[in-house]
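> Got a predicted model here, sequence first, then my questions.
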Amino acid sequence: MRILVIEDEAKVARALEQGLEGEGYAVALAHTGEEGFFRTSAEHFDLVLLDVMLPGRDGFEVLAALRQRGVRTPVLVLTARDAVADRVRGLDAGADDYLVKPFAFAELLARIRALLRRGRAEPALELALGDLELDIATHRVTRAGARIELTAREFELLEALLRHAGQVVSRETLAREVWQEERRSEQLDNVIDVYVARLRKRIDGEGRPRLIHTVRGVGFALRLEES
Ligand code: CA
């Protein structure tokens, strides 16, 4: 289980890192909101611990930007004040839970376990990003309500991209999750590119706002453009 801690105070960040690693979690640290936003968009984390008080972009802004992109990683907000306004702002911005500083470490661990359990519950049967909707059970895909016909493989590819919505998905990940290939090859890379191009035509064609983006040298991302 990978946890990203976004906290600018080095001492607090280190204490969290050590404590969580002691519990067997893999921990990454980000010291600014920008760095936290960037890493959450680019890598997979099972949970994000987000401090509200950050220099520059504060925790609420970072969270709102992530949710706007479609990133669904569970976020536990750490706030310094137990003000109702702060709590409401956090939940409005898309927080899954919040904890008021100072807190007991045992309390933090309990909240983390609860969020991770929730995240592991039944995988969602309906996925959506903006006006794009995908229904696993009926294999139905629509954009702005209009039906889009996909082949089985295109559907699986779109499902994989939607499960990582807002994040960059590498060709390795697509090879593993869609083609069940552990190893990447040039041949498979070409196949993936062909499928992404086809999917793009069907999903983003006809002048619709673009959802499938190519991230040069890394892979692809299904995300909403920041407005
Ligand atoms: Ca802070």
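Thanks, I have the structure now. Since the model is a prediction, treat every value here as computed from it, not as a measurement.
> Return the residues in contact with residue 105.
By C-beta atoms under 8 Å, 6 or more residues apart in numbering, the contact set of residue 105 is residue 19. Bear in mind the C-beta positions are built from the backbone N, C-alpha and C, glycine included.
> Within range of the ion, give me the residues from the protein.
Residues of the chain that fall close to the ion, judged by C-beta under 5 Å from the ion: 8, 9, 51, 53.
> ok, now with 6 Å
Proximity of the chain to the ion (C-beta under 6 Å from the ion) is limited to residues 7, 8, 9, 51, 53, 54.
> Just the buried ones among these, please.
Buried members of the residues of the chain next to the ion, counted by 16 or more other C-beta atoms under 10 Å: 7, 8, 51, 54.
> Dump the residues you listed to CSV, plus secondary structure.
Converted to CSV, these look like this (DSSP: H, G, I helix; E, B strand; the rest coil):
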residue, secondary structure
7, coil
8, coil
51, strand
54, coil
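> which one among these gets closest to residue 41?
Nearest to residue 41, judged by C-beta to C-beta, of those is residue 54 at 16.4 Å.
> any idea how far the closest one lies from residue 63?
Noted for residue 54: a distance of 11 Å to residue 63, by C-beta to C-beta, to the nearest Å.
> do residue 157 as well
Taken as C-beta to C-beta, the span from residue 157 to residue 63 is 29 Å.
> my read: residue 215 touches residue 196, true?
No. Judged on C-beta atoms under 8 Å, residue 215 makes no contact with residue 196 at a distance of 11.5 Å.
> ok, back up a step: which residues are in contact with both of residue 54 and residue 63?
With C-beta under 8 Å, 6+ apart, residue 54 and residue 63 have no common neighbours.
> Could you point out the longest helix of the chain?
helix 186-204 (DSSP state H).
> how about that helix: buried residues?
188, 191, 192, 195, 196, 199, 200, 202, 203, 204.
> Could I get the average pLDDT for stretch 206-219?
The average pLDDT within stretch 206-219 is 91.
> Can you tell me the SS state at the residue most central in space within the chain?
The chain has residue 71 as the residue nearest its centroid, 3.3 Å off, counting by C-alpha atoms, centre = their mean. Here residue 71 is coil, with the state taken from three-state DSSP.
> Identify the residue spatially nearest to it, adjacent ones excluded.
residue 166 (3.5 Å; C-beta to C-beta, 6 or more residues apart in numbering).
> Tell me how many other residues crowd the one you found.
21 (other C-beta atoms under 10 Å).
> I'd like the distance between residue 170 and residue 85.
From residue 170 to residue 85 the distance is 40 Å (C-beta to C-beta).
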